[in-house]
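A.B. asks: missing the sequence, but the structure's below:
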Ligand code: UGA
């Protein structure tokens, strides 16, 4: 099938590459010249494991192309995927500018029947909005259909999530239209759900909001565990064995970040408000998440006496492992507070340091975790990169000036850390006496 993907961010680039890998003819278009130039040179604008190889393979086989010519991409394709960003506005409402722009570009180049598939995360009703824009702006009286096909990939495992999704959701105006998109996904042999367009749009937000709820819930339980002297990891396991609950997304920590959960939760609250429903649960989820890293920092400050004049090593800057994405990363708010309080920060991240340097040029960037810990009064684990799980902790402690270890992601065994002489703080595991 001939496919056009509009937008070369995480979703667009991965979707386009995977469809090409499945044997389709794909053109990925973007209005940013520099991005397309990079992709044509074989350079990835984002870090995503396995993506560069997949792109290279399909470009070499001439199934995957990159272009700034949206019109040409639309004209030569049967199916057009809209994968543009919907960044949050001040109010929490998603900015629909790029969706509207994409719809207008499709409209003016519509030369024969097409299926327009919306993969961007968009509020319910966007299918109708896109349909109206295309109807209003098309220059020929050509038929088309609009489908919602939400994306569930996670950064850092985007390729494997796209190849092995838990489910594929296709929200279409009719079974016939749904079948056209279903055909594209058939080689993946994964469960598929066909719905109306509005339900598919809500499935995406409801899924992300529910996962965010799980995280804020377990973080609240962690805070109770801290006060009660219990261990949230054991509590999580005990809950997770119940198949109705499940252990996934029940890791307590500093709270969720990234480009999706914070933005999508606010957007769903906003949509609910507009529809006349006060989404109280989700508002609380957002509030708990905002407080979580700050609560941890309050504990850090108490343990250190003051941040002023202290040297703190921050291990992990990306919002989660296996990505260089810093959007809503907990590291940023933590570093900002440390600097404002007069601390010195020495940071290390395997991939995200260049991007962080653009935001905080004044902190020290180290070549590994041990260098970052050098002379530090305290070390804080902010992102749970695998390489931090297997550090030589004796060497780390030796490099430090102090012995305080703040583990914001619960990656170490509290008993072992205390045995090694660390003054160890984690999230919801304050069972010192019984360990
Ligand atoms: C999330 C969803 O998991 C994807 O299904 C969805 O497609 C994507 O948003 C999107 O809407 O585009 P992503 O933001 O890439 O994916 O990353 P996640 O792995 O979901 O992690 C989100 C945040 O939750 C991270 O900050 C992570 O540290 C945090 N988290 C996750 C926890 O604090 N505890 C957990 O148990 C799991």
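C.D. replies: Nice, I can see it. Predicted model only: the values in this text are computed from it and were never measured. Numbering: from 1, shown residues only.

A.B. asks: list the residues that contact the residue of the stretch 301-435 of the chain found nearest the ligand.
C.D. replies: Proximity of the stretch 301-435 of the chain to the ligand (CB to the nearest ligand atom) peaks at residue 320, 4.2 Å away. Bear in mind the C-beta positions are built from the backbone N, C-alpha and C, glycine included. Applying CB atoms under 8 Å, 6 or more residues apart in numbering to residue 320 gives the contacts 155-156, 257-258, 383-384.

A.B. asks: which among those residues end up buried?
C.D. replies: Neighbour counting with 16 or more other CB atoms under 10 Å marks 155-156, 257-258, 383-384 as buried within these.

A.B. asks: contacts with the ligand among the residues you listed, please.
C.D. replies: 155, 257-258 (CB under 6 Å from any ligand atom).

A.B. asks: now render the residues you listed as a markdown table, adding secondary structure and pLDDT.
C.D. replies: A markdown table is the format used below for those (DSSP: H, G, I helix; E, B strand; the rest coil; pLDDT from 0 to 100):
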| residue | secondary structure | pLDDT |
| --- | --- | --- |
| 155 | coil | 91 |
| 257 | coil | 97 |
| 258 | coil | 96 |
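
A.B. asks: then residue 259 would be within a helix, right?
C.D. replies: No - using DSSP: H, G, I helix; E, B strand; the rest coil, the secondary structure at residue 259 is coil, not a helix.

A.B. asks: quick one: the closest residue to it other than its chain neighbours and residue 121, what's the gap?
C.D. replies: Sequence neighbours aside, residue 327 is the residue nearest to residue 259 in space, at 4.3 Å (criterion: CB to CB, 6 or more residues apart in numbering). The span separating residue 327 from residue 121 equals 14 Å under the rule CB to CB, to the nearest Å.

A.B. asks: which of these two has more neighbours?
C.D. replies: residue 121 (21 against 17; other CB atoms under 10 Å).

A.B. asks: next, the more buried one: secondary structure please.
C.D. replies: Applying three-state DSSP: residue 121 is coil.

A.B. asks: and it, how far from residue 94?
C.D. replies: Residue 121 is 8 Å from residue 94, where distance means CB to CB.

A.B. asks: shared neighbours of these two, anything?
C.D. replies: Counting by CB under 8 Å, 6+ apart, the common neighbours of residue 121 and residue 94 are 86, 263, 267.

A.B. asks: nearest to the ligand among those residues?
C.D. replies: residue 263 (8.4 Å).

A.B. asks: where's that closest one, which helix or strand?
C.D. replies: Residue 263 is located in helix 261-274, with elements delineated by DSSP states H and E.

A.B. asks: now that helix: how far from the chain's centre is it?
C.D. replies: 16 Å (CA atoms, centre = their mean, to the nearest Å).

A.B. asks: tell me the helix or strand right after it.
C.D. replies: Downstream of helix 261-274, the first helix or strand assigned by DSSP H and E is helix 280-304.

A.B. asks: show residues contacting that next one.
C.D. replies: With contact meaning CB under 8 Å, 6+ apart, helix 280-304 is reached by 209, 212-213, 215-217, 219-220, 223, 253-256, 261-262, 265-266, 268-269, 272, 307, 310, 312, 330, 333-334, 337, 341, 377-378, 380, 404, 406, 408, 423, 425, 427.

A.B. asks: which positions in this protein make contact with the ligand?
C.D. replies: Contacts of the chain with the ligand, taken as CB under 6 Å from any ligand atom, map to 121, 151-155, 208, 211, 215, 249-251, 253, 256-258, 260-261, 264, 319-320.
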